[in-house]
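A.B. asks: Dropping the sequence and predicted coords here.
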Amino acid sequence: MKKNIAIIMGGYSSEYKISLKSGNVVYESLDKKKYNAYRILIFKDKWTYVNEMEEEFPIDKNDFSALVNDQRIHFDCVFNAIHGSPGEDGFMQGYFELIGLPQTSCAMYQAALTFNKRDLLATLKPFGIKSAESFYLNLNDTIDEDAIIGKVGLPCFVKANKAGSSFGISKVYKKEDLKTAIEKSFKEDDQIIIEEFLDGVEVSVGVISYKGKTTVLPITEIVSENDFFDYEAKYNGQSQEITPARIPKDYEDKVRHEAAKIYDALQMTGFSRSEFIFKNDEPYLLELNTVPGLTTESILPQQAAKAGISLEELFDNAIEEAMKN
């Protein structure tokens, strides 16, 4: 009997449009002989199933079911394609755990931890994972530009602590531009992280649980046409994403080891994509995404393709792993 798969997409953050693209790619790619796929839009004002005719049917949040033409639809598994809140920060994971419904991303704690860049880097430090020098600010904190620059130097990056797709990020070269960059980040989040500029090769490393084994996918080198790998570079073609990365063998070995070490240390499941920059021949972790982009142009699917894993196989494996766990 075919399994009913709910593909959740949308979300509450600035990334919702990207999530809709990812979710629709999953919907189109799933094996229709094996699965009944349902597109579920998750927004603050509604959770709804949308059929092929674009008709909407509300989701019953008591058990995550839908009443469609007098027939109650229950789901066997949820495919999580929500970038940002509430799909990448633990809220949906906790909800599905409470109602006993398997889902394809990591568990609630891992999602909440990895979505918070500051907490993630602090947690991984005892495991020997290197990261850039940083300075933290919360909304309404006093801003001391001299103290910030004294710690991280110039240029530096100002980032929203809990945001993806490079929303709320700026590269700052001059002291007088720091406050504007901070204000921009606070529009995305009430916590920000200001980091030293690492001048080196940037790579993205996908790690997944594939057929029950932690698997590091081919590495992608990021070459941005812009000043850094910002939103325009990521989604509007203003970057080169080269897979496999043009890096020395010792660089590859080091970053593959670090990415797998992080995945296992955090007891991750599902997809992950870690971003690193090399400094003094060592990989420094920038962040970790647990619901990375899933379109054909996205980095993790590109990496899977290089490993001989099709989109259909990639998504099928994610469902199988979720239901097994």
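C.D. replies: That came in fine, so what should we check first?

A.B. asks: Domain map for the protein?
C.D. replies: 3-104, 112-130+199-324, 134-196 (automatic domain parsing).

A.B. asks: mind listing the helices for the stretch 51-200 of the chain?
C.D. replies: For the stretch 51-200 of the chain, the helices defined by DSSP state H, counting those that start in this stretch cover 91-99, 108-115, 117-124, 145-152, 178-186.

A.B. asks: Go through the ones you listed and name the closest to Ile247.
C.D. replies: helix 117-124 (21.6 Å; CB to CB). Every residue, glycine included, has its C-beta placed from N, CA and C.

A.B. asks: If you count contacts, what does the closest one end up packed against?
C.D. replies: helix 108-115, strand 134-138, strand 191-196, strand 282-289 (3 or more CB pairs under 8 Å, 6 or more residues apart in numbering; DSSP states H and E).

A.B. asks: Please convert these to TSV, extending it with mean neighbour count and distance to Glu320.
C.D. replies: As requested, these are arranged in TSV below (neighbours: other CB atoms under 10 Å; distance: least, CB to CB, whole Å):
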stretch	mean neighbour count	distance to Glu320
helix 108-115	21	19
strand 134-138	16	38
strand 191-196	23	36
strand 282-289	21	22
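
A.B. asks: want to throw those into JSON lines with distance to Gln267 and mean pLDDT?
C.D. replies: Formatted as JSON lines, the helices and strands packed on helix 117-124 follow (distance: least, CB to CB, whole Å; pLDDT from 0 to 100):
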{"stretch": "helix 108-115", "distance to Gln267": "7", "mean pLDDT": "97"}
{"stretch": "strand 134-138", "distance to Gln267": "25", "mean pLDDT": "97"}
{"stretch": "strand 191-196", "distance to Gln267": "24", "mean pLDDT": "96"}
{"stretch": "strand 282-289", "distance to Gln267": "13", "mean pLDDT": "96"}
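
A.B. asks: Make CSV from the ones you listed and add distance to Glu258 to it.
C.D. replies: CSV is the format used below for those (distance: least, CB to CB, whole Å):
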stretch, distance to Glu258
helix 108-115, 15
strand 134-138, 18
strand 191-196, 18
strand 282-289, 5
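
A.B. asks: of all these, which lies closest to Gly150?
C.D. replies: The nearest among the helices and strands packed on helix 117-124, by CB to CB, is strand 134-138 at 9.1 Å.

A.B. asks: Kindly export that closest one (C-alpha atoms) in CSV.
C.D. replies: Below are the C-alpha coordinates for strand 134-138, written out as CSV (Å, rounded to 0.1, in the frame of the first residue of the first chain):
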residue,chain,number,x,y,z
SER,A,134,33.1,36.7,17.4
PHE,A,135,31.1,39.3,19.3
TYR,A,136,27.5,38.9,20.4
LEU,A,137,24.8,41.5,20.7
ASN,A,138,21.1,41.2,21.8
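
A.B. asks: which ones are touching the most centrally placed residue in the chain?
C.D. replies: The centre of the chain sits closest to Asn289, judged by CA atoms, centre = their mean, with a distance of 2.9 Å. By CB atoms under 8 Å, 6 or more residues apart in numbering, the contact set of Asn289 is His83, Glu88, Thr114, Gly164, Ser272, Arg273, Ser274, Glu275.
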